[in-house]
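> Build me a model:
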Amino acid sequence: MKLSTIALITAIVALVAVVGWRVHAMNSQTVNHFAVVADPSISYSGGCESTVGLAERVLHRPDISPNSKLLYLALGDRSTANEPRQLGTYDIPSSRRVMEARHANENRQLALLRDVWEKCSSTRPTSISPIFLGIKEALSALHAEGCRGGSRCVLYVSTDLEENVDPRLKNLLSGTGATKRLPKALDNTGVDVTFCGFAAAAGRIIDPTGREIRPVMGHDSSREDRMQQVWTSVFLDPTRVTFEPYCSLRTNPELHTATGASLREVRP
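Numbering: from 1, shown residues only. You can find the predicted model right below:
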């Protein structure tokens with residue numbers, strides 16, 4: 001066999017090996033995904049400002065990639081059998097094109113935030129907070145997108161922590177009774193969980209007519225500590241669970257209107 005033929009075969013084999021390695025590396029590359037779970041219950045005063053603020057916080061994270069996604073869910077009620085509503089799945093806008101127009105990526109981000117605002121604004125307030133079930137489904141959705149042990153996926157939960165559907169958690173959170181068996185641990189493998197908004201509890205629970213529905217149990221440092229301890233205990237990896245008293249609010253000047261009107265128009 002001629003040396004030129006041997007050299008050609010060797011080059012082809014080397015090229016195939018390099019291509020195969022790159023394909024394997026791309027398929028095994030970890031992509032971080034993100035989710036926001038919003039609590040629309042009337043006991044929580046965080047509202048859509050917090051929801052859009054968290055979505056904007058995700059867009060500014062340094063660990064997003066061109067394939068990262070943002071999932072947006074709202075806690076359900078009896079009309080959904082307590083299951084959360086998945087209101088949106090978004091490809092997170094990102095661009096590494098040097099020659100791309102300066103505000104093109106900002107336009108895509110504004111369009112995403114506008115959609116989150118509109119969907120949040122159209123979500124009917126609820127009288128119950130099935131927080132545990134909402135988190136469980138959000139974690140399942142993140143795992144389905146590919147979050148695994150080596151991932152740094154993030155779940156933000158905007159809520160006052162006041163679970164009032166699962167009786168076991170309800171008793172533990174209120175400190176009014178013991179429970180012999182906790183719910184099965186929430187699998188947050190590969191997912192950091194941040195609760196925010198527990199200090200944004202409504203002082204009064206009222207219906208649309210203005211009638212007070214039920215009294216609100218006041219917060220103090222002991223109660224807040226207990227609620228955080230209870231929620232931490234229901235996760236498979238409690239070291240990846242954190243709490244913030246308030247959620248992020250919108251920081252983009254174009255988003256700062258009381259009604260979100262600036263979100264309805266995107267620059268051409």
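> Could you use CA atoms for every contact and neighbour count after this?
Noted.
> For stretch 121-140, buried residues please.
For stretch 121-140, a neighbour-count test (16 or more other Cα atoms under 10 Å) marks 121, 125-139 as buried.
> What helix or strand is Gln109 located in?
Here Gln109 sits within helix 104-121, counting by DSSP states H and E.
> Run through the neighbouring helices and strands of that helix.
helix 47-59, strand 85-91 (3 or more Cα pairs under 8 Å, 6 or more residues apart in numbering; DSSP states H and E).
> just the angle between that helix and strand 85-91, please?
Here helix 104-121 runs at an angle of 180 degrees relative to strand 85-91 (axes from the mean of the first three to the mean of the last three Cα atoms, to 10 degrees).
> what's the model's confidence in helix 104-121, averaged?
The predicted model gives helix 104-121 an average pLDDT of 90.
> report the angle between the axes of that helix and helix 47-59?
Using the same axes, to 10 degrees: helix 104-121 against helix 47-59 is 150 degrees.
> ok so, going back, nearest to Pro238, out of the helices and strands packed on helix 104-121?
Ranking those by distance to Pro238, with Cα to Cα as the measure, places helix 47-59 first at 21.6 Å.
> immediately after that closest one, which helix or strand?
Counting by DSSP H and E, what follows helix 47-59 is strand 69-74.
> Just the C-alphas of that next one, formatted as CSV.
Provided in CSV are the C-alpha atoms of strand 69-74 (Å, rounded to 0.1, in the frame of the first residue of the first chain):
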residue,chain,number,x,y,z
LYS,A,69,-34.9,27.3,29.1
LEU,A,70,-37.1,29.1,31.6
LEU,A,71,-40.3,27.4,32.8
TYR,A,72,-43.1,29.5,34.4
LEU,A,73,-45.7,27.8,36.6
ALA,A,74,-48.4,29.1,38.9
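> Spell out the residue ranges of the strands in the stretch 151-268 of the chain.
For the stretch 151-268 of the chain, the strands defined by DSSP state E, counting those that start in this stretch cover 153-158, 191-196, 205-206, 212-214, 241-244.
> quick one: which of those strands is nearest Arg57?
Once the strands of the stretch 151-268 of the chain are compared by Cα to Cα, strand 153-158 is nearest, at 10.1 Å.
> before we move on, back to that, any idea which of the strands of the stretch 151-268 of the chain is most buried?
Among those, strand 153-158 has the highest mean neighbour count (mean count of other Cα atoms under 10 Å), at a mean of 26.
> Give the partner strands of that strand in its sheet and their orientations.
Under the criterion DSSP bridges, strand 153-158 sits next to strand 34-38 (parallel), strand 191-196 (parallel) in its sheet.
> Need the CA coordinates for the first one. CSV is fine.
Output in CSV follows, covering the C-alpha atoms of strand 34-38 (Å, rounded to 0.1, in the frame of the first residue of the first chain):
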residue,chain,number,x,y,z
PHE,A,34,-34.5,27.6,35.3
ALA,A,35,-38.1,27.7,36.6
VAL,A,36,-40.2,30.2,38.4
VAL,A,37,-43.2,29.0,40.5
ALA,A,38,-45.6,31.8,41.5
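> now what about it, what contacts it?
Contacting residues not belonging to strand 34-38 are listed as 51, 54-55, 58, 68-75, 134-135, 138, 142, 153-159 [Cα atoms under 8 Å, 6 or more residues apart in numbering].
> can you check the last one too?
With Cα under 8 Å, 6+ apart as the contact definition, strand 191-196 has outside contacts at 139, 147-148, 151-160, 240-247.
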